[in-house]
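Participant: Predicted model, plus sequence, below.
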Amino acid sequence: MMTSVCIVLPTHNEERVLEKNVRAIHAFCIAALSKYTWEICIADNGSHDATPIIAERLAREFPQVQWFHADDAGRGAALRRAWSESSADILCYMDVDLATDLHALPFLVGAIRDGADIAIGSRFITGASVQRSLLRECMSRTYNWMTRHLLRMRIGDAQCGFKAINKKAAKELLPLIRNTQWFFDTELLVLAERRNMTIQEVPVQWVEARDRKRKSTVRIFRTIVNYCREIWRLRRSVISH
């Protein structure tokens, strides 16, 4: 029996890029994941633009595409639902803007197939390359410094939107994660490290999306405050015990 893969795309008001990028992912999977059975799940959290309409149309066109809409569930909650409801052996997710080059996907999936519990795209290891603004570069490196020193994380890139996990590890970790928003990734990885799960980092080619007409769904400074609050919560509840 072929190994099955579910690729989740968390979305919130992504009408400008959704159709083009789902078609790109679909075409790439046909060419690069022929050794697997695979599906794409559009996990929409609270979109109020045409994202649900586009997602429904794509699901009708492609048998390998499915979707659901949750009202203001949060990115982490949408991802948790998609992974929990999937029967796939390998559960992935990627940001729908495709900032991460798709050519890393077979290596991400292959790491899980070969025995890793979790595989993550990393922008800070040998073989990776990054193109982004100085502000975002400084923010990302500061955040990773905080996670290493305050949460004792060993990995180097907690927030790259390009990850995979095996079904067994997902079943163990998902019920323990409290955050339903952007901190979901970090909490997942901290809990996995505390349980001595195997986490493999995969170098990625990452280019910041700079479409000025596509407004970022992330409010940077509010997100920073929320991250700091969540890091402190997790440090007290997990690291201090």
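Facilitator: The structure has been received and is ready for your questions.

Participant: by contact count, what packs against the worst-scoring helix or strand of the chain on mean pLDDT?
Facilitator: None of the helices or strands of the chain scores lower by mean pLDDT, DSSP states H and E than helix 220-234, at a mean of 85. Counting contacts by 3 or more C-beta pairs under 8 Å, 6 or more residues apart in numbering; DSSP states H and E, helix 220-234 is packed against helix 134-150, helix 184-194. Heads up, the C-betas are built off the backbone N, CA and C, glycines and all.

Participant: what's the most buried one of those helices?
Facilitator: Most buried of the helices and strands packed on helix 220-234, by mean neighbour count (mean count of other C-beta atoms under 10 Å): helix 184-194, with a mean of 21.

Participant: isn't residue 88 right up against residue 167?
Facilitator: Yes. Here residue 88 lies in contact with residue 167, judged by C-beta atoms under 8 Å, at a distance of 7.0 Å.

Participant: which of those two has more neighbours?
Facilitator: Relative neighbour count places residue 88 above the other of residue 88 and residue 167, with 21 against 17, counting by other C-beta atoms under 10 Å.

Participant: now that one, what's its secondary structure?
Facilitator: Three-state assignment for residue 88 (DSSP: H, G, I helix; E, B strand; the rest coil): coil.

Participant: Need the contact partners of the least confident helix or strand of the chain.
Facilitator: 139, 143, 146-147, 150-151, 178-179, 181-183, 186-187, 190 (C-beta atoms under 8 Å, 6 or more residues apart in numbering).

Participant: If we use 10 Å, what do you get?
Facilitator: 135-136, 139, 142-143, 146-147, 150-151, 159, 178-179, 181-184, 186-187, 190-191, 219, 239-240 (C-beta atoms under 10 Å, 6 or more residues apart in numbering).
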